[in-house]
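Novice: no sequence on this one, just coordinates:
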């Protein structure tokens, strides 16, 4: 009996907090979108609407940057395991893009004042994601100047998808605040 | 829906896009000189400003290169395929044509290489 009590109170014991559960649920949602989106055909390598980022932006708006960073990075890792691209070049690019966008979101959310709305966050994150992904592709896989010819159209499409996702986040948060009464946002 | 910081991000994004297009999708520059190479070592730089016809001697015979109106082309070559002549006028920086059988090539500008390799 004494032994079991000691084991239960050992400092190494893992306990999960409400925060952990929240991250897990939101990540699961983002992963579901990520996996569903991977079935969509893409005309250009590296080009996706990035619908899973809707979850990242919404989490950033509601729960703050730290939770958003967790959700985004866990989504990239677990999503790639489910799709089967874990530790492949695709995964490396995806991870670099996610880190770049999380970094930019961190800067923006620390701006003095009220911060951005969903459209600003989403647009900035999309461009940072594309830029991070593109430069890591250039450095790691295709170190050829000709690759930069692809950058203008890719950045344009990233901006378009960023604004679109931002609008979706705005709509989603508006609906959420109508249906919930917890006053969290 | 749009906060002040959002407009800042939008302006910044437009700036980034303009910069990216300006840097990587510049219109092609018209070349001002052409470098004619024969074999590995013989190099002749000509200005595209002066119209002229140049007979260039290669291993097979004489190829004729014409400079006209800021452009340059092969107009005759003693090869079989005449790929060099079909390459037509060259005028942009980095444009390139070659008569491989006669060992003669033309590169416009020369400051910027547009190609890694070319297949015929």
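Specialist: Yes, it's here. Quick caveat: nothing in here was measured; it's all calculated off a predicted structure.
Novice: Without its sequence neighbours, what residue ends up closest to the residue most central in space within chain B?
Specialist: Nearest residue to the geometric centre of chain B (CA atoms, centre = their mean): residue B:95, 1.5 Å. Setting aside the residues directly before and after it, residue B:95 is nearest to residue B:108 in space (CB to CB, 6 or more residues apart in numbering or on different chains), at 4.3 Å. Bear in mind the C-beta positions are built from the backbone N, C-alpha and C, glycine included.
Novice: coming back round to it: for residue B:106, see how far away the residue nearest to the centre of chain B is.
Specialist: 8 Å (CB to CB, to the nearest Å).
Novice: what's the answer for residue A:90, then?
Specialist: For residue A:90 relative to residue B:106 (CB to CB), the value is 42 Å.
Novice: Can you give me the separation between the spatially most central residue of chain A and residue A:152?
Specialist: Centroid-nearest residue in chain A, with CA atoms, centre = their mean: residue A:72, separated by 3.2 Å. Distance from residue A:72 to residue A:152, counting by CB to CB: 26 Å.
Novice: before we move on, what about residue A:83?
Specialist: According to CB to CB, residue A:83 and residue A:152 sit 28 Å apart.
Novice: Repeat that for residue A:117.
Specialist: Counting by CB to CB, the gap from residue A:117 to residue A:152 is 27 Å.
Novice: ok, now residue A:127?
Specialist: For residue A:127 relative to residue A:152 (CB to CB), the value is 12 Å.
Novice: same deal with residue A:125?
Specialist: Taking CB to CB as the measure, residue A:125 falls 19 Å from residue A:152.
Novice: Tell me the secondary structure of the spatially most distant residue from the centre of chain B, please.
Specialist: For chain B, the largest distance from the centre (CA atoms, centre = their mean) belongs to residue B:1, which lies 50.0 Å off. Under DSSP: H, G, I helix; E, B strand; the rest coil, residue B:1 falls in the coil class.
Novice: same check, this time on residue B:105
Specialist: Reduced to three states with three-state DSSP, the structure at residue B:105 is strand.
Novice: surely it meets residue B:36?
Specialist: Yes. If you go by CB atoms under 8 Å, residue B:105 and residue B:36 touch, sitting 7.3 Å apart.
Novice: What parts of chain A come near chain B?
Specialist: A:108, A:111, A:113-117, A:119-121, A:123-124, A:127, A:144, A:146, A:148-149, A:151-152, A:155-156, A:159, A:162, A:170 (CB under 8 Å from any CB of the partner chain).
Novice: Now for the chain: which helix has the highest residue count?
Specialist: Went with chain A since none was named. In chain A, taking DSSP state H as the definition, the longest helix is helix A:151-179.
Novice: that's the other chain; I wanted chain B
Specialist: Ranked by residue count, the top helix of chain B under DSSP H comes out as helix B:4-24.
Novice: so who does residue B:54 touch?
Specialist: By CB atoms under 8 Å, 6 or more residues apart in numbering or on different chains, the residues touching residue B:54 are B:36, B:44, B:46, B:64, B:65, B:66, B:67.
Novice: what about 6 Å?
Specialist: By CB atoms under 6 Å, 6 or more residues apart in numbering or on different chains, the contact set of residue B:54 is residue B:65.
Novice: Show me which residues of the helix or strand where it lies are buried.
Specialist: Assessed by DSSP states H and E, residue B:54 sits inside strand B:52-57. Across strand B:52-57, burial judged by 16 or more other CB atoms under 10 Å in any protein chain shown covers residue B:56.
Novice: can you give me the offset of it from its chain's centre?
Specialist: Offset of strand B:52-57 from its chain centre (CA atoms, centre = their mean, to the nearest Å): 19 Å.
Novice: same question, stretch A:42-57
Specialist: Chain-centre distance of stretch A:42-57: 10 Å, with CA atoms, centre = their mean.
Novice: Then stretch B:47-56?
Specialist: Mean-position distance between stretch B:47-56 and its chain equals 16 Å (CA atoms, centre = their mean).
Novice: now the end-to-end length of that stretch.
Specialist: One end of stretch B:47-56 sits 16 Å from the other (CA to CA, to the nearest Å).
Novice: Low-confidence regions, chain B specifically.
Specialist: Judged by pLDDT under 70, chain B has its weakly predicted residues at B:110-116, B:118, B:120.
Novice: who in it is up against chain A?
Specialist: Neighbours of chain A within chain B, by CB under 6 Å from any CB of the partner chain: B:1, B:2, B:3, B:5, B:6, B:9, B:13, B:17, B:20, B:21, B:24, B:25.
Novice: For PyMOL, write a command that selects the buried ones of those residues.
Specialist: To isolate the buried ones among those in PyMOL, judged by 16+ other CB under 10 Å, type:
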select buried, chain B and resi 3+5+6+9+13+17+20+24
